[in-house]
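Participant: I would like to see how this sequence folds:
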Amino acid sequence: MKMEIFGPLLLSLIAGLSTLIGGLFIFIKIKNINKFIVISLSFSISIMVLISIFDLLPNSSINMISYYGKYFGILLIILTFILGYLTIYLITNRIKYKSSLYKIGILSMISLMLHNFPEGIAVFMSSYVNIRVGYKLFLAIILHNIPEGISIAVPLYYSGRSRGLSLKYTFISGIAEPIGALLSYIFLKNYISNIMISFILIFVSGLMISLSINEIYKEIKKYNLINYSYIGYIVGVVLFFILSFIL
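Facilitator: Below is the predicted model of the structure:
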């Protein structure tokens with residue numbers, strides 16, 4: 001492997017596997033499991049919605065409008081978002097789950113895996129061109145991947161799955177990042193464009209917002225612990241904006 005690509009690939013690998021740090025929360029002994037689940041799920045909603053609204057959609061939308069023009073660009077943004085939003089319905093209707101928590105964990109894994117794939121491309125390409133820019137993006141992604149790991153591992157584990165299986169699915173989501181980086185170098189280096197990545201990220205934002213509203217929020221309501229959900233929402237919002245301000 002050429003030395004000039006080793007550094008960017010290593011950064012994308014570490015950034016992706018940082019998702020497992022969030023998965024370690026399943027090893028914490030919890031006295032009231034229901035309260036912990038509600039806080040974790042509401043925290044996941046905050047992270048997914050805020051990432052979509054403030055990270056994925058703005059830059060991607062600007063790229064689309066700049067490339068396609070105002071009206072056609074906006075139309076493509078809406079259609080791509082709706083496609084991502086409706087994809088969650090297609091997945092949930094085709095696959096039957098014994099546990100709603102397990103369903104949330106699996107859907108979170110799929111959504112975040114699709115999210116991590118273009119992230120890996122972004123880390124690799126930015127580091128390949130300018131290592132300082134790559135380091136900054138690398139740190140930002142690590143800090144955001146940790147709560148993403150929580151949103152996968154916690155519902156899976158508390159649906160009755162083993163810690164090993166919960167971490168395995170968290171790992172699968174995280175490993176999509178270095179895979180995205182590697183494939184971008186091997187196959188897509190000459191074809192990757194801001195427009196391609198923008199389409200992917202708008203689609204993923206639709207996935208994550210749909211998952212948050214139609215699956216995770218419904219699950220939270222079942223526990224009738226609304227006050228504890230506020231804790232998760234507030235912690236997620238505060239953490240997101242602190243990280244955004246720092247980075």
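Participant: low pLDDT regions in this protein?
Facilitator: For the chain, applying pLDDT under 70 flags the ranges 1-4, 93-98, 126, 129-130, 133, 188-192, 247.
Participant: give me the number of residues near the closest residue to Ile65 other than its chain neighbours?
Facilitator: Computed as C-beta to C-beta, 6 or more residues apart in numbering, the closest residue to Ile65 that is not its neighbour in sequence is Gly73, at 3.7 Å. C-betas here are computed from N, CA, C, even on glycine. The number of residues packed near Gly73 is 18, by other C-beta atoms under 10 Å.
Participant: ok, Gly73 touching Leu79?
Facilitator: No. Look at Gly73 against Leu79 with C-beta atoms under 8 Å: they stay out of range, at 10.9 Å.
Participant: now the helices for the chain?
Facilitator: According to DSSP state H, the chain carries its helices in the segments 3-17, 19-23, 33-50, 57-68, 70-94, 100-129, 131-157, 163-186, 194-211, 217-222, 226-246.
Participant: Who are the packing partners of the shortest one?
Facilitator: Under the contact definition 3 or more C-beta pairs under 8 Å, 6 or more residues apart in numbering; DSSP states H and E, helix 19-23 sits against helix 131-157, helix 163-186.
Participant: out of these, deepest packed?
Facilitator: Of all those, helix 131-157 carries the top mean neighbour count, a mean of 22, counting by mean count of other C-beta atoms under 10 Å.
Participant: who's in contact with the residue nearest to Ile65?
Facilitator: Gly73 sits next to 61, 64-67 when contact means C-beta atoms under 8 Å, 6 or more residues apart in numbering.
Participant: Ok, Leu239 next?
Facilitator: Contacts here follow C-beta under 8 Å, 6+ apart; on that basis Leu239 touches 47, 147.
Participant: What's the separation between it and Gly232?
Facilitator: From Leu239 over to Gly232 the distance is 11 Å, taken as C-beta to C-beta, to the nearest Å.
Participant: Lys218 too?
Facilitator: Going from Lys218 to Gly232 by C-beta to C-beta gives 15 Å.
Participant: can you count the residues close to Lys222?
Facilitator: 12.
Participant: Spatially central residue for this protein, please.
Facilitator: Centroid-nearest residue in the chain: Leu112, 3.4 Å away (criterion: C-alpha atoms, centre = their mean).
Participant: That residue touches Ser173, doesn't it?
Facilitator: Yes. With contact defined as C-beta under 8 Å, Leu112 reaches Ser173; the gap is 4.7 Å.
Participant: Would you mind listing the residues touching both of those two?
Facilitator: Contacts common to Leu112 and Ser173, judged by C-beta under 8 Å, 6+ apart, are 19, 148, 152.
Participant: With distance to Gly84 as extra columns, can I get these in CSV?
Facilitator: Formatted as CSV, these follow (distance: C-beta to C-beta, whole Å):
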residue, distance to Gly84
Thr19, 20
Glu148, 17
Ile152, 18
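Participant: Which single one of the residues you listed is nearest to Ser99?
Facilitator: Ile152 (14.5 Å; C-beta to C-beta).
Participant: quick one: the closest one and Ser111 touch, right?
Facilitator: No. In this structure, Ile152 is not within contact of Ser111 by C-beta under 8 Å, at 9.4 Å.
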